[in-house]
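Asks: Make a model of this:
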Amino acid sequence: MTKSLSVSALLLSLLLLPSPASAQLSEVYQAWGSGPASYLMLPNEEAAWKQITNDQDAEEFIRLFWAQRDPSVGTELNEFRRELEQRVAYADQRFATKETAGAMTDRGRVFVLLGPPRRIQTPGASGSATGGDFGTGDSPFDTSGSVSSGTGPGAFGRGGATERSGVASEERWIYEDDYVPSFIDRKRFTVRFLSKPGTEEVELRDGERVLAYMAEARQLARAHPELTAADLSTGGGGGLSGDSDLMAWMGDELSGASASLTALREALGNGGGGGATHLDAGAFQAGDGRWIIPYQISAEADPAGDPAEVVGELVKADGDPVLSFHLEQSWRKAQGQSYVKDTLVVPPGDYVLRTGLEQGGKVSWAASEPVSVPTPAEDFWLSELLFSNSVFPMQEAQQMLEPYAWQGIAVVPKGNRTFLSGSVMWFYLHACYATLTADGEPSLRVNVKIKGPESFRGPVPVQPARAGDNCWVIAQGLDLTPDRFPPGDYDMNVQVRDSEAQITLSTEGKFSVAPKS
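Replies: Predicted coordinates for the structure are as follows:
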């Protein structure tokens, strides 16, 4: 989203209650109509949305809605939508209260609509940010390696210290220089918020000026009002479901006839190259409910060539091509391995992901991995099992399609699944489509069986955290102490029981413990 496309007015929050027509829509479309995207709606769009009575019409409305706001109509990527989603994800992470999603608070709305300020002043108060904690205790399945987040560079705090003082405190967002949206003819302006004593609420206090800025931005956001549904190809334009959501998040799309793809297929036909390079891929759910396939290529030794040149293709289980892509990315390092990663957005189905590392027109390494993405009507479902020794709070705002990141916590899969004796190993998965209790939460019980040089089983105390519309994070750490985990190879079976539906599923994985040198 360019600065000239920052969007809408807080007055639209008064229009978020579903109408009798929208109440007939399924939950995902009702949520869309009452969520942050509604800030962008012009009056005629608000009226049209209220008249929609079925999911098919809602999907067509949403597809046209995003297309009219796409700065590069006809390309795979809608840059405006991606930027909006990134801002929503950040706001949800930083400004949420017990009652309200972060993007739907006053601070969240201003952040989503006008973008980040250059700096924040909180007279008499210090900001803080809290993150996930995966549990500590005395069982073999608890660990002292719990994750808690702090404030990273530029992190936004939660605002005034009302609990301490019992009086309201002010938070000022300063927009100046390049941080002022380009349509605003000012070099500097301030947005003020005031906290309510004894509550988590922080209210906007700037009134008409800020609302006027956002009202003007809403008009500018609709870059192509001349587009109609007839102008869009069937299934295209970016609704909430279907093939229109196919994309590589950071990578560029390739033609199916490219020399890179030919080299990839040849490398796979010759065995892929093997060695100390690994592919991790699986289906998970993003924070906005879309199904994604994050993938990671990791190397144990220092890889040749930087940045990495990744070539890949996603094909259906029967071999039909779905998406081809090229990713250029600098190698990152974590706990003794180098890695690159990205996210594919796909509809439900059974796929095979093929990836390779390219140098000088040749693919030096290649691997493939089957991936199944469940349908929205899927019964209780578990993702693949991830193993990691690098789980940490993100120092920057989490973006909506960030690979292997949920609730502000990043997970770096351990490619070779080998961990040093005495270290902490995390296992991580998503449980989806669980039956909810009357409180709207899943009732999940987790048991783990481990077989190897030492074998044991037992319950795991976890507190699931929401990952998307239908999925929850299950994560726990194991202290690989020499007495409990002697060096060797281990098989792990994680059983998750949906107590409400009386259904138990399991997922399995292998890991190894190596002696500490």
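Asks: ok, Ile26 touching Asn54?
Replies: Small correction: residue 26 is Ser, not Ile. No. Between Ser26 and Asn54 there is no contact under Cβ atoms under 8 Å: 9.3 Å. Every C-beta, even on glycine, is put in place using the N, C-alpha and C of the backbone.
Asks: how about low-confidence regions in the stretch 351-500 of the chain?
Replies: Counting by pLDDT under 70, the stretch 351-500 of the chain contains low-confidence ranges at 396-397.
Asks: need the helices for it, in chain order.
Replies: Counting by DSSP state H, counting those that start in this stretch, the stretch 351-500 of the chain has no helices at all.
Asks: what's the answer for the stretch 151-300 of the chain, then?
Replies: Under DSSP H, counting those that start in this stretch, the stretch 151-300 of the chain gives helices at 162-165, 208-221, 259-269.
Asks: For the longest one, list the C-alpha coordinates in PDB.
Replies: In other words, helix 208-221. Taking Å, rounded to 0.1, in the frame of the first residue of the first chain, the C-alpha atoms of helix 208-221 are listed here in PDB:
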ATOM      1  CA  GLU A 208     -12.300  15.600  13.100                       C
ATOM      2  CA  ARG A 209      -8.900  16.200  11.700                       C
ATOM      3  CA  VAL A 210      -7.800  12.600  11.800                       C
ATOM      4  CA  LEU A 211     -11.200  11.400  10.600                       C
ATOM      5  CA  ALA A 212     -11.000  13.800   7.700                       C
ATOM      6  CA  TYR A 213      -7.600  12.500   6.700                       C
ATOM      7  CA  MET A 214      -8.900   8.900   6.700                       C
ATOM      8  CA  ALA A 215     -12.100   9.800   4.800                       C
ATOM      9  CA  GLU A 216     -10.000  11.300   2.100                       C
ATOM     10  CA  ALA A 217      -7.700   8.300   2.000                       C
ATOM     11  CA  ARG A 218     -10.700   6.000   1.600                       C
ATOM     12  CA  GLN A 219     -11.600   7.800  -1.600                       C
ATOM     13  CA  LEU A 220      -8.100   7.500  -3.000                       C
ATOM     14  CA  ALA A 221      -7.800   3.800  -2.100                       C
END
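Asks: same for it, what does it pack against?
Replies: In this structure, helix 208-221 packs against helix 106-114, with contacts taken as 3 or more Cβ pairs under 8 Å, 6 or more residues apart in numbering; DSSP states H and E.
Asks: Quick one: mean pLDDT for the next helix or strand after the helix it packs on?
Replies: Downstream of helix 106-114, the next assigned helix or strand under DSSP states H and E is strand 119-121. Across strand 119-121, pLDDT averages out at 87.
Asks: again, but for stretch 181-192
Replies: 90.
Asks: Check stretch 224-240 too.
Replies: 70.
Asks: oh, and call the first residue 11 from now on, that's how I've got it
Replies: Done: numbering now begins at 11, and the last item shifts to stretch 234-250.
Asks: May I see the helices of the stretch 161-310 of the chain arranged in TSV, with distance to Phe71 and mean pLDDT as well?
Replies: Shown next, in TSV, are those (distance: least, Cβ to Cβ, whole Å; pLDDT from 0 to 100):
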stretch	distance to Phe71	mean pLDDT
helix 172-175	41	40
helix 218-231	16	85
helix 269-279	36	93
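Asks: tell me the phi and psi of the nearest residue to Gln409 once chain neighbours are set aside?
Replies: Nearest non-adjacent residue to Gln409, counting by Cβ to Cβ, 6 or more residues apart in numbering: Gln96, 4.4 Å away. In terms of degrees, to the nearest 10, the main-chain angles of Gln96 are phi -60, psi -40.
Asks: what about Gln96, neighbour count?
Replies: 18 (other Cβ atoms under 10 Å).
Asks: One more: Pro81?
Replies: Quick note: Pro81 (other Cβ under 10 Å) scores 16 neighbours.
Asks: I am finished for the moment; much appreciated.
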